[in-house]
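Pasting a predicted model and its sequence here:
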Amino acid sequence: MRILHVGNIANNAYNNAKFLRRKGLEADVLCYDYRHIMAQPEWEDAAFEGQPDEFQPQWEQLDLGTFRRPAWFIQDELFPQVRCRKQWFRGQFRLERMLTQPSFWMRVWSQYLKCVATDSKPRPHFMDVFPVYSGRKRFEQWFEGYDLIQAYATEPIHAWMFGRGRPYVAFEHGTMREIPFEDSARGRLLTLAYREASKVLITNPDVITAAQRLGLKNFQFVPHPVDETKYRPRPTALRDLLVNRHQTDLILFAPSRHNWELKGNDRLLRAFASLVSAVSRRAVLILCDWGQEVDRSRRLADDLGMTSQVVWTPPLNKMKLIEYYNAADVVLDQFTIGTFGTVTPEAMACGKPAVLYFDRAVHEWCYSEMPPVISAKSEDEIFERLVEVSEDPGRRSAIGHASREWIVKHHGWELVADRQIGLYRELLQR
């Protein structure tokens, strides 16, 4: 059984393939035209100092210790032959291909007819298909020799178009919330690809409403890939360093990116300002300097007079992130959508209490036992939960212990791998 995982946002494909390989499967990852640091194996598994360029990291310039990128992680480019050429206008290379390959239009037309022959609505337009089809040969080369494709984010589009009848699994990790409902080429094509997939794996429980809205019947829940053997409680010298540097005895850590609508960072900052005013203990809030609205968060922290109590770090590679989880008393995640991404299970695996907005009703379809998280949504609720948990170390410890146990039972790497392996066997035996 040979499985190709395509697309590697947030290293989800890399982690899944790593888990599957522990189970003896031949699982490879294809990451093309995307070199963001958080989609690189080095970011996940190498311990290093320094901050590489966010979009074009030069790993050879850093001391990665004993880590070596695995051969099964394929970093490639869709059109390597034009990488060094200057593009004079948008669409230049596609136009060249059209003019130099007379049969190109006919093949695009054939693919378009295949799209409209499905029952998917709204139906894709001809010009939706045209730009995607230009990568056909490259994808067919990449897919050759694999029994099944697991496609992440918008990659199910390519798996459907160029998989030559191979079964494919569409891996949803936040991409179903809005993209399929866009009035755009990727919206129409992704909707079709979800509907035609052999199976859709949902990692965000709240998107079941989107799946139902799309009329999907072919979906199954699988938790986010988190390795609880790596994310675990451990001593760290960072705790004493932070306590001494900031003269504090309460460390709050919120590593989520800054996107106020999705994460509710503004609510957290205001709640923290209220906490500092209400309790006599010295507290610091550690934030990561990344996201679309990080400057806005910085301004709000300054306006609230929290300049000395809010500590900023650059984006943290995962080995450093584990140190910060273990140094913190409480980890805070997101406060708007009612579920969690990777921050909460990573923190829970490290034995830390997590505060976020958690809507139990959203999770009843996929969890038999609810996680022992601390739920808060509004600014006042976040403040109240922070006061409660900050004043009771025993409660923090008990929640942290229960959190670790819940992760191992309901979110462990073996559970994630076994669910996928069972699914692959089912699909390949059809």
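It's in. Numbers count the residues shown, from 1 in each chain.

Can you give me the buried ones in stretch 393-401?
Neighbour-count burial for stretch 393-401, with 16 or more other C-beta atoms under 10 Å as criterion, is recorded at 396, 399, 400. Heads up, the C-betas are built off the backbone N, CA and C, glycines and all.

same check, this time on stretch 206-226
Buried-residue list, stretch 206-226, by 16+ other C-beta under 10 Å: 206-208, 210-211, 214, 216, 219, 221-226.

Which ones among the buried residues of stretch 393-401 lie within helices?
Taking DSSP state H, the ones among the buried residues of stretch 393-401 that sit in helices are 396, 399, 400.

nearest residue to the second one other than its sequence neighbours?
Spatially, and ignoring its direct neighbours in sequence, residue 399 is nearest to residue 353 (4.0 Å; C-beta to C-beta, 6 or more residues apart in numbering).

Quick check: the one you found touching residue 388?
No. Taking contacts as C-beta atoms under 8 Å, residue 353 lies outside contact range of residue 388: 10.4 Å.

How is the closest residue in space to residue 360 that isn't next to it in sequence assigned, secondary-structure-wise?
Spatially, and ignoring its direct neighbours in sequence, residue 360 is nearest to residue 370 (5.7 Å; C-beta to C-beta, 6+ apart). Three-state assignment for residue 370 (DSSP: H, G, I helix; E, B strand; the rest coil): coil.

Quick check: residue 370 vs residue 402, distance?
Residue 370 sits 11 Å away from residue 402, going by C-beta to C-beta, to the nearest Å.

Counting neighbours, go ahead and name the busier of the two.
residue 402 (16 against 13; other C-beta atoms under 10 Å).

quick one: what helix or strand has the more buried one in it?
Element membership for residue 402, per DSSP states H and E: helix 393-410.

hey, where'd the strands end up in the stretch 251-400 of the chain?
With strands called from DSSP state E, counting those that start in this stretch, the stretch 251-400 of the chain shows them at 283-288, 310-313, 330-332, 354-356, 374-375.

Which strands border the first one, and is each parallel or antiparallel?
Next to strand 283-288 in the sheet, as set by DSSP bridges, lie strand 250-254 (parallel), strand 310-313 (parallel).

got the contact list for the closest residue to residue 210 other than its chain neighbours?
Among residues not flanking residue 210 along the chain, residue 176 sits closest, at 4.6 Å (C-beta to C-beta, 6+ apart). Contacts for residue 176 (C-beta atoms under 8 Å, 6 or more residues apart in numbering) come out as 194, 200, 202, 204, 207, 210, 211, 214.

rerun at 10 Å
170, 190-191, 194, 200, 202-204, 206-211, 213-214, 216, 219 (C-beta atoms under 10 Å, 6 or more residues apart in numbering).

Please apply the same query to residue 113.
Each residue near residue 113 by C-beta under 10 Å, 6+ apart is listed here: 126, 129.

Name the SS class of it, please.
helix.

mind checking how far it is from residue 131?
17 Å.

Count the residues that sit near residue 417.
Residues near residue 417, counting by other C-beta under 10 Å: 23.

Which of the contacts of residue 176 fall within strands?
The strands, defined by DSSP state E, take in 170, 200, 202, 219 from these.

Correct me if wrong: the last one contacts residue 171.
No. With contact defined as C-beta atoms under 10 Å, residue 219 and residue 171 do not form a contacting pair (11.0 Å).

which residues are common contacts for the two?
With C-beta under 10 Å, 6+ apart, residue 219 and residue 171 have common neighbours 197, 199, 200, 201, 202.

Test my guess that residue 50 contacts residue 61.
Yes. Counting by C-beta under 10 Å, residue 61 is a contact partner of residue 50 at 8.1 Å.

So which bits of stretch 350-361 are buried?
Using 16+ other C-beta under 10 Å as the test for burial, stretch 350-361 gives 350, 351, 352, 353, 354, 355, 356, 357, 358.

and the fourth one, what does it touch?
Put plainly, it is residue 353. 328-332, 347, 372-374, 385, 389, 395-403.

Just say which of the strands paired with strand 283-288 is most tucked in.
strand 250-254 (a mean of 24; mean count of other C-beta atoms under 10 Å).

Return it as CSV; C-alpha atoms alone will do.
Output of strand 250-254 as CSV, limited to C-alpha atoms (Å, rounded to 0.1, in the frame of the first residue of the first chain):
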residue,chain,number,x,y,z
LEU,A,250,1.8,33.3,36.8
ILE,A,251,2.7,32.7,33.2
LEU,A,252,-0.1,32.6,30.6
PHE,A,253,0.8,31.5,27.0
ALA,A,254,-1.3,32.1,23.9
